[in-house]
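Enquirer: Can you look at this prediction? I've put the sequence above it.
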Amino acid sequence: MFADSSIKKLLIVDDSKVSRMLIRTHILARHPEWIISEAACGEEAIALVDSELPDYCTMDINMPGISGTDAAEQILSQHPSVKIVIFTANIQETHQVRAHSLGTILVAKPVTEKSIALTLNHFKDSE
């Protein structure tokens, strides 16, 4: 039996439990079949990607320990197939340039229908 290719795995990385819950709720409303895991920091995200290899990842920038952009860079160096969207309230040009250089996009917080739509479009467009 073949696995259903429409079932995707998403890793949500954010030190805010509320942000993780909002992203999870919005994504599951559109894709209830997706398997979602969560991490509260960059180090935890790197370990989860190594063990679970998600298709997609949403990543906060400002977290305790390693920054989200540094975690994304490490993840992509080991697992270039993972599609990452960086969520942040800090949309300074330096963050935008760094996100773009990693092959990701930067989406402004707070988490809204619009930010989730941008995220899902990026995931779809990069397949």
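Expert: Nice, thanks for sending it over.

Enquirer: Helix or strand next in line after the lowest-mean-pLDDT helix or strand in the chain, which one?
Expert: Ranking every helix and strand in the chain by mean pLDDT, DSSP states H and E puts helix 93-101 at the bottom, with a mean of 87. For helix 93-101, the succeeding helix or strand toward the C-terminus, using DSSP states H and E, is strand 105-108.

Enquirer: list the buried ones in the very next helix or strand once past that following strand?
Expert: Sequence-wise, the next helix or strand downstream of strand 105-108 (DSSP H and E) is helix 113-125. Within helix 113-125, the residues scored as buried using 16 or more other Cβ atoms under 10 Å are 115-116, 118-120, 122-123. Just so you know, the C-beta spots here come from the backbone N, C-alpha and C atoms, and that holds for glycine as well.

Enquirer: Please name every helix or strand in contact with helix 113-125.
Expert: Counting contacts by 3 or more Cβ pairs under 8 Å, 6 or more residues apart in numbering; DSSP states H and E, helix 113-125 is packed against helix 17-30, strand 83-88, strand 105-108.
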